[in-house]
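> task: produce atomic coordinates for the following.
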Amino acid sequence: MNDRWYSKAVVYCLDIDSFADSDGDGCGDIRGLIGRLDYLARLGVNCLWLNPVHPSPGRDDGYDVSDFYNVDPRFGSLGDFAELLHQAANRGIKVIIDLVVNHTSDQHPWFRSARSSPDSPYRDWFVWSETAPPDRDQGMVFPGEQEATWTYDRTAKLWYYHRFYRFQPDLNVRNPEVRAEIKKICAFWLQLGVAGFRMDAVPFIIEETEPGNPSSPMDFDFLTELRQHVQWRRGDAILLAEANVEPERLVAFFGDESGSGNRIHMLFDFMLNAKMVLALARRDPEPVIDALRDTPKLPAGGQWATFLRNHDEIDLSRLTAEQRREVFEQFGPDEEMRLYGRGIRRRLAPMLGNDRRRLELAYSLQFSLRGTPVLRYGEEIGMGDDLALPGRNAIRTPMQWSLLPNGGFSSAGEDDLIRPVISGGEFGFEKVNVTLQRHDPASLLSWFERMIRTLREAPEVGSGRCTHVDVPAPRGVLAHRADDVTGTMLFVHNLSDAEAVVDLSGLAGEAEFPNDVLADQEYPEPDGLDKIKVSGYGYRWIRMRRTT
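Down below sits the predicted model:
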């Protein structure tokens, strides 16, 4: 992979504790993950994104970090982690890890020292107020689960700020010592061999919190500093950020006013994600067309990361209230399927009624749109969710490997598992597992392998220009193209259940020898592009020309 390797990557996201248990204690671990790297390599993954790996009290699934310079002993040792990086590199897989530096755990030594004395060297590492801020009941990330964003500490006799839960005090990034420490954390893991970081809650990291000001200013210069520091330490390292903000504010996370791409390399495209889900709910591609049209122009080197399901809920906050209602009616009709009033805590397979056609269509659409695709573990085999588990844990159940007890995830007793394995019904491990699908050339897993191999032959998708092909088309049909110096790809997706024919003959002059490279079924050759047939919930990837 070249210097911009991330533009042609397929990113696979997983929780170590839910993936593979090597020692039978009921919790996934690093050695278990090492044992499954060949599976990931065969799938076509070349970038592995690990959710928090650090020691933690475990009150927020590892996002309450108590030591930034180690790995959770449940997962193994630093030596195990170094071996993971080595073995992944042997298979052409880069590894990035979560960088959670908006806050720490309240059990972190820094905070314990900070609250103990006004003379503590760490007192100014956190955000304090002597009086109760009037905006303490505003800006909560988890409405319904949080009571406030400021909490009074009886030991410090001060109020401390926490954008998330009360046990996650925010770090004060205004403090130069805190900035230096964050850079030191990055340098440590880069030296160990990680290829970069997925930065959690970036808008809150750079927020210069002012008590009583719900719209505190943001210091984007810190992102510039961090980008420079990371790339001096490892030239090809990346920063993949989470910034679910208004579209007009997104470009500032990539670079400064000069148009230079000197901040974040990649951003998750939350707007496109919400619009894709809305399009699937409506069986109408218009929301996706809107998202492509409204996408801001990125500075050189900037890249989107696309996703359908990530490690959290599907966040619909960027949709209107009416649009959210439509999506809820289709994909989250029961209250237990929703979270925080804005999202859906289900995996894609149950959302789409376990309809294989719609699953292929959805992922074909995601992987063919501009940007780098991110895939959540288990989606490639159509895993389900466990709505009996609280909150986001519904989609964090153990990976289903085989017909062995616990789906082959662990040899521990059921009561000792980190979370229950889904069992019984249409999504239980008895029906949905890697082994069964590995032996079936028509399985969803086999389709994902084939689709990702095809993506490797279409570099235009990751690094090229993506545009909607604006031609009269039957309702439900989206045509779009990807163009780069390597050539042109044409994509047709039918989000409705009715067969359609679309006339794309206006593009015939650009086609050297058009041919299907991936499709939901065998179609007549697309010779003149005047009668492009596509079945209900069907898709076609058509190679128009290739220059290299």
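
> what helix or strand is residue 305 on?
Following DSSP states H and E, one finds residue 305 within strand 303-306.

> pLDDT on that strand, on average?
Mean pLDDT, strand 303-306: 96.

> partners of the helix or strand following it, with directions?
Next along the chain after strand 303-306, taking DSSP H and E as the criterion, comes strand 314-315. According to DSSP bridges, strand 314-315 forms sheet pairs with strand 343-344 (antiparallel).

> show me the contact partners of the partner strand.
With C-beta atoms under 8 Å, 6 or more residues apart in numbering as the contact definition, strand 343-344 has outside contacts at 277, 312-317, 327-328, 331-332, 337-338, 351. Backbone N, C-alpha and C define where each C-beta goes, glycine included.

> quick one: residues in contact with the very next helix or strand once past that strand.
Counting by DSSP H and E, the next helix or strand C-terminal to strand 343-344 is helix 348-351. For helix 348-351, contacts defined as C-beta under 8 Å, 6+ apart pick out 308-309, 331-332, 344, 359, 362, 379, 382-385, 427.

> give me the most central residue, the chain.
residue 310 (4.4 Å; C-alpha atoms, centre = their mean).

> give me the nearest residue to that one, chain neighbours excluded.
residue 376 (6.0 Å; C-beta to C-beta, 6 or more residues apart in numbering).

> distance of residue 49 relative to residue 95?
8 Å (C-beta to C-beta, to the nearest Å).

> neighbour count winner among these two?
Set side by side, residue 49 and residue 95 show more neighbours around residue 49, with 26 against 22, by other C-beta atoms under 10 Å.

> any regions of this protein where pLDDT drops low?
1-3 (pLDDT under 70).

> domains of it?
Per automatic domain parsing, the domain ranges recorded for the chain read 109-161, 464-546.

> pipe the ones you listed into CSV and attach mean neighbour count and distance to residue 8 per row.
CSV is the format used below for the domains of the chain (neighbours: other C-beta atoms under 10 Å; distance: least, C-beta to C-beta, whole Å):
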stretch, mean neighbour count, distance to residue 8
domain 109-161, 16, 33
domain 464-546, 18, 11
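
> closest to residue 272 out of those?
domain 464-546 (10.4 Å; C-beta to C-beta).

> quick one: the helices in the stretch 101-250 of the chain?
109-116, 176-192, 202-205, 221-233, 247-254 (DSSP state H, counting those that start in this stretch).

> give me the element residue 436 is part of.
helix 434-438.

> could you dump that helix to CSV, C-alpha only?
What follows is helix 434-438, C-alpha atoms only, in CSV (Å, rounded to 0.1, in the frame of the first residue of the first chain):
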residue,chain,number,x,y,z
VAL,A,434,-18.1,-18.8,10.3
THR,A,435,-17.6,-22.5,9.8
LEU,A,436,-21.0,-23.2,8.2
GLN,A,437,-20.6,-20.2,5.9
ARG,A,438,-17.0,-21.2,5.1
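
> can you spell out which helices and strands pack onto the helix or strand that comes right after that helix?
Toward the C-terminus, helix 434-438 is succeeded by helix 444-456 as the next helix or strand (DSSP H and E). Applying 3 or more C-beta pairs under 8 Å, 6 or more residues apart in numbering; DSSP states H and E, we find helix 444-456 packed against helix 37-43, helix 356-368, helix 434-438, strand 515-519.

> would JSON lines of those with distance to residue 122 be doable?
Formatted as JSON lines, the helices and strands packed on helix 444-456 follow (distance: least, C-beta to C-beta, whole Å):
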{"stretch": "helix 37-43", "distance to residue 122": "39"}
{"stretch": "helix 356-368", "distance to residue 122": "43"}
{"stretch": "helix 434-438", "distance to residue 122": "46"}
{"stretch": "strand 515-519", "distance to residue 122": "54"}
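
> what's the span of stretch 326-339, first residue to last?
16 Å (C-alpha to C-alpha, to the nearest Å).

> do stretch 290-301 as well
First-to-last distance for stretch 290-301 - C-alpha to C-alpha - comes to 23 Å.

> quick one: residue 132 and residue 151 touch, right?
No. Taking contacts as C-beta atoms under 8 Å, residue 132 lies outside contact range of residue 151: 10.0 Å.

> coming back round to it: between the helices and strands packed on helix 444-456, which one is nearest to residue 123?
Of the helices and strands packed on helix 444-456, the one closest to residue 123 (C-beta to C-beta) turns out to be helix 37-43, at 44.0 Å.

> show me what counts as buried in the closest one.
37, 39-40, 43 (16 or more other C-beta atoms under 10 Å).

> same deal with stretch 53-61?
53-56, 58, 60-61.

> can you give me the offset of it from its chain's centre?
19 Å (C-alpha atoms, centre = their mean, to the nearest Å).

> span of that stretch from start to end?
10 Å.

> who touches it?
Around stretch 53-61, the neighbours that count as contacts under C-beta under 8 Å, 6+ apart are 15-16, 51-52, 62-68, 70-73, 75, 81, 97-98, 100, 105, 107, 164-165, 167-168, 392-393, 396.

> again with stretch 186-199
6, 47, 49, 68-69, 78, 81-82, 85-86, 89, 94-99, 101, 205, 226, 229-230, 233-234, 236-242, 264-265.

> report the buried members of those residues.
Judged by 16+ other C-beta under 10 Å, buried ones among these: 6, 47, 49, 68, 81, 85, 94-99, 101, 205, 226, 229-230, 234, 237-242, 264-265.

> please check the contacts of strand 343-344 and keep the buried ones.
Counted by 16+ other C-beta under 10 Å, those give 277, 312-316, 327-328, 331-332, 337-338, 351 as buried.

> just flag the most distant two among the residues you listed.
So, the buried ones among the contacts of strand 343-344 by C-beta to C-beta: farthest apart are 312 and 328, at 16.8 Å.

> now do the contacts for residue 379.
Contacts of residue 379 by C-beta under 8 Å, 6+ apart are 308-309, 347-349, 363.

> reformat those into a markdown table and put neighbour count next to each item.
Shown next, in a markdown table, are the contacts of residue 379 (neighbours: other C-beta atoms under 10 Å):
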| residue | neighbour count |
| --- | --- |
| 308 | 23 |
| 309 | 28 |
| 347 | 24 |
| 348 | 25 |
| 349 | 25 |
| 363 | 23 |
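
> now the two most distant members of these.
So, the contacts of residue 379 by C-beta to C-beta: farthest apart are 347 and 363, at 12.4 Å.

> how close does residue 464 get to residue 267?
18 Å.

> same check on residue 74?
Residue 74 is 31 Å from residue 267, by C-beta to C-beta.

> neighbour count winner among these two?
residue 267 (26 against 18).

> helix or strand: which one has the more buried one?
strand 266-268.

> quick one: strands adjacent to that strand?
Strand 266-268 is paired, per DSSP bridges, with strand 238-241 (parallel), strand 303-306 (parallel).

> give me the contacts around the last one.
Contact partners of strand 303-306, identified using C-beta under 8 Å, 6+ apart, comprise 4, 6-7, 11, 240, 265-269, 272-273, 295, 298, 366-367, 369-374, 462.

> list the buried residues in that strand.
Buried residues in strand 303-306 (16+ other C-beta under 10 Å): 303-306.

> same list, those, but as a markdown table with distance to residue 533 please.
Below are the buried residues of strand 303-306 laid out as a markdown table (distance: C-beta to C-beta, whole Å):
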| residue | distance to residue 533 |
| --- | --- |
| 303 | 34 |
| 304 | 31 |
| 305 | 33 |
| 306 | 27 |
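
> from the buried ones among the contacts of strand 343-344, which is closest to residue 515?
Distances from residue 515 to the buried ones among the contacts of strand 343-344, taken by C-beta to C-beta, are shortest for residue 277, at 31.4 Å.
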